[in-house]
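# take a look and give me a structure for this.
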Amino acid sequence: MKLSHIREILKAEVLVGKEKLDSFVVTGTASDLMSDMLRGPTSGSVLLTGLNNIQVIRTSVISGVTAVVLVRNKKPTEEMISHAAEHDLPLLSTPYTMYSACGRLYREGLRGVEKTQSRAQGTNKG
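Here you go, the predicted model:
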């Protein structure tokens, strides 16, 4: 699904990365716990989160997330904006709650990350 379509579905404001709206997103994931983001396959995903701090951007860059969507009209700090721009990471904000935003994307065909990877053990868990 194109990021531009995700923006439309979520009625999201693009805060960083308007030039990347043609990027393709493979899956969606939602978390407020950034350590969970490091456990599984997130490359090519859009991250929906209510967490509003620099760790969201740092973790997203490390994990290869395609874009970040802040839920509940959260507005990022200037540090988040500059770090996202520095790493070409699209950053959006939607008025929807995380639950509603995930449901809307799922209804439109974007599926979630189904398995997490235990980095220490190298095994998949469902």
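# for the most centrally placed residue in the chain, what are its contacts?
Geometric centre of the chain, nearest residue: residue 47, 1.6 Å, by Cα atoms, centre = their mean. Counting by Cβ atoms under 8 Å, 6 or more residues apart in numbering, residue 47 touches 29-31, 37, 56, 60, 65, 67-69. C-beta here means a position set from N, CA and C on the backbone, and glycine is covered the same way.
# so for it, what's the pLDDT?
What the model reports for residue 47 is a pLDDT of 95.
# and the least confident of the contacts of residue 47?
residue 37 (65).
# okay, now the spatially closest residue to residue 67 that is not a sequence neighbour: neighbour count?
In this structure, residue 67 finds its nearest non-sequential neighbour in residue 90, 4.0 Å apart by Cβ to Cβ, 6 or more residues apart in numbering. Residues lying near residue 90 (other Cβ atoms under 10 Å) number 27.
# cool, residue 109 as well?
9.
# hmm, residue 2 and it touching each other?
No: applying Cβ atoms under 8 Å as the test, residue 109 and residue 2 come out as separate, 11.7 Å apart.
# thinking again about what came up before, tell me which helix or strand the residue nearest to the centre of the chain sits in.
For residue 47, the host element (DSSP states H and E) is strand 45-49.
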